[in-house]
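Chemist: got a sequence here, can you build the structure:
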Amino acid sequence: MTTTPATVTTLVAPAAAHHLHAVPAPARNDIEDIVAGNLSRLRALRHLSLDGLSRKSGVSRAMLAQIESGRSVPTIRVLQRVASALQVSVAAFLRNFAQQGFVVLPLQESPRLVSGNDRFISRSLTPPGERRFVLHELKLQGLSTEQISAALPGTQKNLVVTSGTLEIQLNDHKQLLGTGDAIFFDADQPHAYRNPADTEAAAYVVTQYPEQHPV
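Modeler: Residues are numbered from 1 along each chain as shown. The predicted structure follows:
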């Protein structure tokens with residue numbers, strides 16, 4: 001028995017917005033505010049004064065003060081020097097979420113995509129605001145197939161099967177994967193997931209979007 005999904009419905013638990021609201025976030029999405037808030041948080045975590053960070057990074061105290069107050073947007077070169085001094089990645093300054101350094105995503109509060117026949121479920125394991133990398137948990141009932149539309153050009157997926165058997169269909173190619181097997185593929189083309197067994201299959205998939213991926 002092979003099923004074709006109906007309209008995919010987005011389900012968001014009512015408490016989700018309240019839970020995530022408890023994590024402080026910048027009042028605006030301007031890049032200078034995001035960098036300023038992250039620099040202040042990361043500097044405090046390292047117990048460094050502006051003078052101390054200036055000595056470790058080689059960036060002047062005046063420049064650091066301008067960045068942390070949101071009056072200046074640093075160049076990538078400056079960010080690299082500050083990131084190295086704080087022992088973090090440059091990306092840590094550009095997040096507009098998780099100002100405390102973490103976001104908890106409870107099982108019952110995570111956004112989900114559910115096919116019309118309830119045989120396919122995709123649950124987001126990435127906090128709102130992350131643009132380039134998205135992690136999903138996939139579950140596909142036995143003897144079912146789920147058709148996936150082509151994503152933006154340049155989109156790629158890395159999938160690993162955690163239980164059961166899953167077949168990935170790409171154009172004319174079909175790749176059968178068992179528990180523990182992984183596959184990396186271009187997702188800017190239509191593809192499908194098929195479960196040839198009569199028991200549920202589960203997988204994790206990381207989707208990497210191109211730079212122009214919208215929020």
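Chemist: CA atoms for contacts and neighbours, from now on please.
Modeler: Will do.
Chemist: so who does the most centrally placed residue in the chain touch?
Modeler: When C-alpha atoms, centre = their mean is applied to the chain, the residue found nearest the centroid is residue 134 (3.0 Å). Going by C-alpha atoms under 8 Å, 6 or more residues apart in numbering, residue 134 touches 124, 125, 126, 206, 207, 208.
Chemist: can you rerun that using 6 Å?
Modeler: Contacts of residue 134 were listed using C-alpha atoms under 6 Å, 6 or more residues apart in numbering, and they are 126, 206, 207.
Chemist: next step: those restricted to helices.
Modeler: Using DSSP state H, no member of the contacts of residue 134 falls in helices.
Chemist: so residue 175 sits against residue 181, correct?
Modeler: No: counting by C-alpha atoms under 6 Å, residue 175 stays clear of residue 181, with 10.6 Å between them.
Chemist: settle it for me: which of these two has more neighbours?
Modeler: residue 181 (15 against 12; other C-alpha atoms under 10 Å).
Chemist: quick check: the more buried one vs residue 119, distance?
Modeler: With distances taken as C-alpha to C-alpha, to the nearest Å, residue 181 is found 22 Å from residue 119.
Chemist: hmm, back to that, among the contacts of residue 134, who's most crowded?
Modeler: That'd be residue 207 among the contacts of residue 134, by other C-alpha under 10 Å, with 21 neighbours.
Chemist: what's the distance between that one and residue 189?
Modeler: According to C-alpha to C-alpha, residue 207 stands 13 Å off from residue 189.
Chemist: before we move on, what about residue 54?
Modeler: 48 Å.
Chemist: just want to know which of these two has more residues nearby.
Modeler: For residue 54 versus residue 189, neighbours defined as other C-alpha under 10 Å are more numerous around residue 54 (20 against 17).
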